[in-house]
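# got a structure for you, letters missing:
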């Protein structure tokens with residue numbers, strides 16, 4: 001095999017060569033068959049001056065120029081407007097000139113090595129091409145190196161013409177499978193792996209100390225040490241309210257005792273967990289599985305390092321449309337759940353799956369469609385919506401026609417009627433890895449029929465199984481089942497729960513509409529307006545209600561926030577407030593700086609939109625949400641929080657008493673439980689504990705001032721609504737302390753199912769009490 005090297009095009013020296021290759025009938029699809037040498041030189045001077053655009057010549061072993069290669073960033077070209085760009089994508093143009101003595105296999109060999117060269121750029125996971133639709137020869141060649149056609153696209157050319165092209169994508173894995181060439185990983189490098197270990201180990205130390213699983217000894221000013229069996233870990237940490245440890249990753253020192261002397265060793269979180277697993281309450285059976293989840297979390301962090309293209313300040317400018325900037329922020333976050341250490345486990349997701357489906361890749365994907373027989377499937381919706389209306393708003397007419405025709409064809413000769421089937425969206429991974437095998441009986445007997453892929457493209461959200469519609473952002477979110485293990489739960493979706501999800505959302509929406517406080521507050525709901533669930537009677541007969549086999553096939557539709565926006569308003573998930581870029585700057589801080597408000601004023605507006613409505617729901621109705629960062633979307637204007645949108649309502653709201661009358665069908669949301677958990681645990685300990693130190697370390701707002709403002713907003717609510725004062729006082733928000741509910745202890749105890757979702761409070765683990773930071777800054781009423 002010939003080995004090719006590459007050099008940058010040089011002008012004017014290479015002008016004659018370019019002219020001989022491009023101004024020909026052979027290169028007619030290059031678009032310049034009659035161009036003069038001067039015109040070609042001018043074109044390529046422009047390309048060479050374009051940012052992130054390489055024009056290369058492939059040289060054989062004698063140094064002879066053999067082919068032309070262009071590599072570029074598709075985002076900054078017309079191609080970037082024609083498809084859903086993913087950070088790290090590399091566009092490719094390839095031209096093998098016509099020769100008087102053709103060499104068999106030369107073109108394939110040259111393109112193969114051109115592709116290898118394209119993949120050498122750090123962070124490149126996909127190569128994108130857009131050959132002319134008429135150029136069947138290059139399409140066939142592209143397929144031989146792993147390109148997969150996506151769809152026809154129309155591209156605007158510099159001369160004003162429109163090119164009809166075939167968008168095609170080749171991943172690293174596609175290339176390896178097609179050619180047999182090994183590329184290795186683009187993001188698992190020693191420097192990134194060390195950075196990932198330091199990051200995750202710093203978080204592990206902080207959270208395990210917070211949950212009182214580790215008890216470090218002081219080792220100097222702001223320095224601490226944990227030690228066991230000739231191993232010790234020394235680190236620096238800031239100490240904050242709520243027993244929060246902010247461990248500096250760069251300070252970590254891992255040492256081993258050898259011959260009575262301490263020696264430096266590599267910082268490795270896997271080694272640390274293995275050494276301290278008993279102190280961390282891990283069983284021998286749980287330990288290896290937890291290590292798998294940690295390895296996946298480390299790998300994910302390496303990917304995020306390689307693809308971190310925007311600083312927090314840049315994200316806070318919300319580039320592009322509201323939908324585009326929303327999804328950019330969604331895929332840019334470097335951290336998962338702030339409390340869980342192993343928060344990107346995603347067990348069951350392989351290398352190619354990761355690149356297609358992980359939210360941090362920002363990839364566009366098509367959901368699957370199945371037809372499910374009504375003897376096993378049930379559709380439910382809010383009162384103002386029916387099945388046909390839903391499909392009419394979520395499908396273009398030609399896609400609906402295609403689904404109908406595919407179903408008719410699948411049922412031909414069976415005697416079964418298409419009218420007895422419901423269309424359901426499914427996660428492509430779920431169909432390929434679980435349903436097509438586990439539900440083989442249903443498929444064989446036509447209870448379940450695969451119809452193909454959606455016309456619209458979607459992007460996975462931080463929850464990985466929830467999708468935002470990229471093709472038409474005003475269309476609903478789609479949430480699907482995905483039977484992977486992540487953060488202590490199989491991420492399925494219960495058909496049993498889906499039956500009443502729309503009814504719960506309808507009741508909750510009416511409550512918000514009719515409540516004089518909530519209806520005028522800067523808060524709203526993203527309702528789950530329709531759902532469909534599929535039940536397999538054989539698995540139901542063989543399992544209990546919590547079995548993962550009962551949660552393999554269900555879906556819901558949730559309102560999109562895009563149609564709710566006014567001009568100049570933007571969106572970001574609340575989890576993004578805790579995002580810290582690789583320069584150490586937080587997104588929350590960037591928003592405050594952009595807003596121009598005093599940090600205290602910015603925080604006040606945020607609390608009035610987020611915390612105060614949650615407390616009102618408790619005081620007025622004993623109604624609690626699961627208000628963690630991923631379940632709240634912020635509506636912002638110029639960096640200021642104008643409103644928050646609450647979501648994930650059907651499975652996660654609860655009524656804690658008999659004070660509120662509920663429709664019979666949604667009685668399952670009346671759970672009982674301690675209202676303190678929803679504020680102290682879910683808000684203070686699981687979110688504000690992280691946000692306050694971020695603002696403090698960036699010099700924006702001292703931690704004490706943060707908690708003073710929290711207390712003031714709560715007391716202001718009590719003053720403004722005296723009719724709820726007694727219920728407010730009964731919540732005990734100014735009690736001296738509250739129980740420390742430990743999330744990592746739950747995952748360490750049982751990473752298969754941390755909690756029974758029907759009795760969440762009954763399965764919690766506690767480790768003493770935390771001092772209430774509100775008591776330190778203000779006297780209770």
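Looks like it came in fine. A quick note: this is a predicted structure, and the numbers were derived from the prediction, not measured.
# can we go C-alpha only for contacts and neighbour counts from here?
Will do.
# looking at this structure, which helix or strand does the model trust least?
Using mean pLDDT, DSSP states H and E, the weakest-scoring helix or strand in the chain turns out to be strand 489-490, at a mean of 68.
# any idea which helix or strand comes after that strand?
helix 495-498 (DSSP states H and E).
# In terms of secondary structure, what does the following helix or strand past that following helix contact?
Under the assignment DSSP H and E, the closest C-terminal helix or strand after helix 495-498 is helix 501-514. Contact partners of helix 501-514 among helices and strands, from 3 or more Cα pairs under 8 Å, 6 or more residues apart in numbering; DSSP states H and E: strand 377-381, strand 528-534.
# Most remote residue from the middle of the chain, which is it?
Farthest-out residue of the chain from its mean C-alpha position, per Cα atoms, centre = their mean: residue 100, at 52.5 Å.
# Please confirm that that residue is located within a helix.
No - the assignment for residue 100, made by DSSP: H, G, I helix; E, B strand; the rest coil, is coil rather than a helix.
# does residue 213 count as helix, strand or coil?
coil.
# what about it, distance to residue 276?
According to Cα to Cα, to the nearest Å, residue 213 and residue 276 sit 10 Å apart.
# With residue 303 instead?
For residue 303, the distance to residue 276 - Cα to Cα - is 27 Å.
# Comparing those two, which shows the higher neighbour count?
Neighbour count, other Cα atoms under 10 Å: between residue 303 and residue 276, residue 303 has more, with 23 against 17.
# The more buried one - nearest residue in space that isn't next to it in sequence?
residue 187 (5.4 Å; Cα to Cα, 6 or more residues apart in numbering).
# was I right about that neighbour contacting residue 301?
No - using Cα atoms under 8 Å, residue 187 makes no contact with residue 301, being 9.5 Å away.
# So between the two, which is more surrounded?
residue 301 (26 against 22).
# Where does pLDDT dip in the stretch 451-600 of the chain?
Scanning the stretch 451-600 of the chain for pLDDT under 70 picks out the ranges 487-489.
# how about the helices in it?
Secondary structure of the stretch 451-600 of the chain (DSSP state H, counting those that start in this stretch): helices at 495-498, 501-514, 537-542, 587-595, 599-609.
# Repeat that for the stretch 151-300 of the chain.
172-179, 190-210, 269-275, 286-306.
# hmm, who's touching the third one?
Spelled out, that is helix 269-275. With contact meaning Cα atoms under 8 Å, 6 or more residues apart in numbering, helix 269-275 is reached by 197, 198, 200, 201, 228, 280, 287, 291, 294, 295.
# what's the answer for the last one, then?
With contacts defined as Cα under 8 Å, 6+ apart, helix 286-306 is touched by 122-123, 187-189, 192-193, 195-197, 200, 270, 273-274, 277, 332, 334-335, 341-347, 360, 486, 582, 748-751.
# at 6 Å what do you get?
The set of residues external to helix 286-306 that reach it, using Cα atoms under 6 Å, 6 or more residues apart in numbering, is 123, 187, 192, 196, 342, 344, 345.
# following that helix, which helix or strand shows up next?
Toward the C-terminal end, the helix or strand that comes next after helix 286-306 (DSSP H and E) is helix 312-315.
# Which positions in that next one come out as buried?
Neighbour counts over helix 312-315 (16 or more other Cα atoms under 10 Å) mark 312, 313, 315 as buried.
# Please parse the protein into its domains.
5-179, 190-280, 310-563, 569-777 (automatic domain parsing).
# Can you name the residues that contact residue 481?
Contacts for residue 481 were tallied using Cα under 6 Å, 6+ apart; they are 492, 493, 552, 553.
# how deep is the spatially closest residue to it that is not a sequence neighbour tucked in, by neighbour count?
The shortest distance from residue 481 to any non-neighbouring residue, by Cα to Cα, 6+ apart, is to residue 492 (4.3 Å). Neighbour count for residue 492, taken as other Cα under 10 Å: 23.
# To residue 60, which of the helices of the stretch 451-600 of the chain lies closest?
Checking the helices of the stretch 451-600 of the chain against residue 60 by Cα to Cα gives helix 587-595 as the closest, at 48.8 Å.
# for that closest one, the distance to its chain's centre please.
How far helix 587-595 lies from its chain's middle: 22 Å, per Cα atoms, centre = their mean, to the nearest Å.
# Show the contacting residues for residue 69.
Residues near residue 69 by Cα under 6 Å, 6+ apart: 56, 93, 94.
# any idea which element it lies in?
Assigned by DSSP H and E, residue 69 falls in strand 65-72.
# thinking again about what came up before, now the residue farthest from the centre of the chain: how far from residue 57?
In terms of Cα to Cα, residue 100 sits 19 Å off from residue 57.
# try residue 182
23 Å.
# With residue 702 instead?
Distance from residue 702 to residue 57, by Cα to Cα: 57 Å.
# Could you check how many residues crowd around the closest residue to residue 282 other than its chain neighbours?
Among residues not flanking residue 282 along the chain, residue 748 sits closest, at 5.5 Å (Cα to Cα, 6+ apart). Residues near residue 748, counting by other Cα under 10 Å, number 22.
# Residue 748 touches residue 283, doesn't it?
No - at 8.2 Å, residue 748 does not count as touching residue 283 under the criterion of Cα atoms under 6 Å.
# residues bridging contact with those two, i.e. touching both?
Here residue 748 and residue 283 have no joint contacts, going by Cα under 6 Å, 6+ apart.
# Check the gap between the spatially closest residue to residue 214 that is not a sequence neighbour and residue 141 for me.
Closest residue to residue 214 apart from its sequence neighbours, by Cα to Cα, 6+ apart: residue 208 at 5.8 Å. Here the criterion is Cα to Cα. By it, residue 208 lies 54 Å from residue 141.
# Compare these two and say which is more crowded by neighbours.
Set residue 208 next to residue 141 and count neighbours by other Cα under 10 Å: residue 208 wins out with 21 against 15.
# From residue 628, how far out is the more buried one?
Distance from residue 208 to residue 628, by Cα to Cα: 20 Å.
# Give me the number of neighbouring residues for the nearest residue to residue 120 once chain neighbours are set aside.
Closest residue in space to residue 120, ignoring its immediate chain neighbours: residue 186 at 7.6 Å, by Cα to Cα, 6+ apart. By the measure other Cα under 10 Å, the count of residues near residue 186 is 17.
# Residue 186 is in contact with residue 121, isn't it?
No - between residue 186 and residue 121 there is no contact under Cα under 6 Å: 7.9 Å.
# Quick check: bridge partners of residue 239?
residue 245 (DSSP bridges).
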